[in-house]
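>>> Task: produce atomic coordinates for the following.
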Amino acid sequence: MDLKAKLSALDNMIVNGQILESVEIFFHPNVVTMEGNEGKIEGKPNKIEHLKSFFSTISAVNGITLHSQSVGDGVTMSEFTFDLQQSDGNHILWNEVLRRQWQDGLVINERYYTA
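Residues are numbered from 1 along each chain as shown. Got it, this is the predicted structure:
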């Protein structure tokens, strides 16, 4: 599977709410993730725990929209809107670009740019 096909499969899983499953399939064991200028999350197990912690605060997913994708030399970008409702009543509407670097067919580095 080429990089464009992998990106499409990964992003399709995200749109369908299969975010944890997508990490299991497409992420390198030594992945490093950064959200904006916050600290790094190192390793797939830590990324999964971070996501589980975040999703435990979500009561409803109103929608996940993929707007665009781009593929470069070992680097991809995906633009999403996440529309979420938290258990405490807060509404989250994120416009986000996910920049991913790939190694050996897996995401080795991911950074979120959120507005």
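>>> Okay, strands next: where are they in the protein?
27-35, 40-42, 58-71, 75-86, 91-103, 106-114 (DSSP state E).
>>> which stretch among these comes nearest Leu20?
Shortest distance between Leu20 and the strands of the chain, using CB to CB, is found for strand 27-35: 10.4 Å. For every residue, glycine as well, the C-beta is placed using N, CA and C.
>>> strands paired with the closest one, and their directions?
Note on strand 27-35: by DSSP bridges, its sheet partners are strand 40-42 (antiparallel), strand 106-114 (parallel).
>>> who's in contact with that strand?
By CB atoms under 8 Å, 6 or more residues apart in numbering, the surrounding residues in contact with strand 27-35 are 40-44, 47, 50, 103-104, 106-112, 114.
>>> so what's the residue positioned nearest the centre of the chain closest to, chain neighbours aside?
Geometric centre of the chain, nearest residue: Leu98, 6.4 Å, by CA atoms, centre = their mean. Excluding the flanking residues, the one nearest Leu98 by CB to CB, 6 or more residues apart in numbering is Ser78, at 4.9 Å.
>>> quick revisit: want to throw the strands of the chain into TSV with distance to Lys4?
Converted to TSV, these look like this (distance: least, CB to CB, whole Å):
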stretch	distance to Lys4
strand 27-35	18
strand 40-42	26
strand 58-71	5
strand 75-86	8
strand 91-103	11
strand 106-114	14
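>>> could I get those strands as TSV with distance to Lys6 and mean pLDDT?
Listed next are those as TSV, based on distance: least, CB to CB, whole Å; pLDDT from 0 to 100:
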stretch	distance to Lys6	mean pLDDT
strand 27-35	11	96
strand 40-42	21	96
strand 58-71	9	97
strand 75-86	8	97
strand 91-103	8	96
strand 106-114	9	96
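>>> Minimum distance to Gln18: which of the ones you listed has it?
strand 58-71 (10.3 Å).
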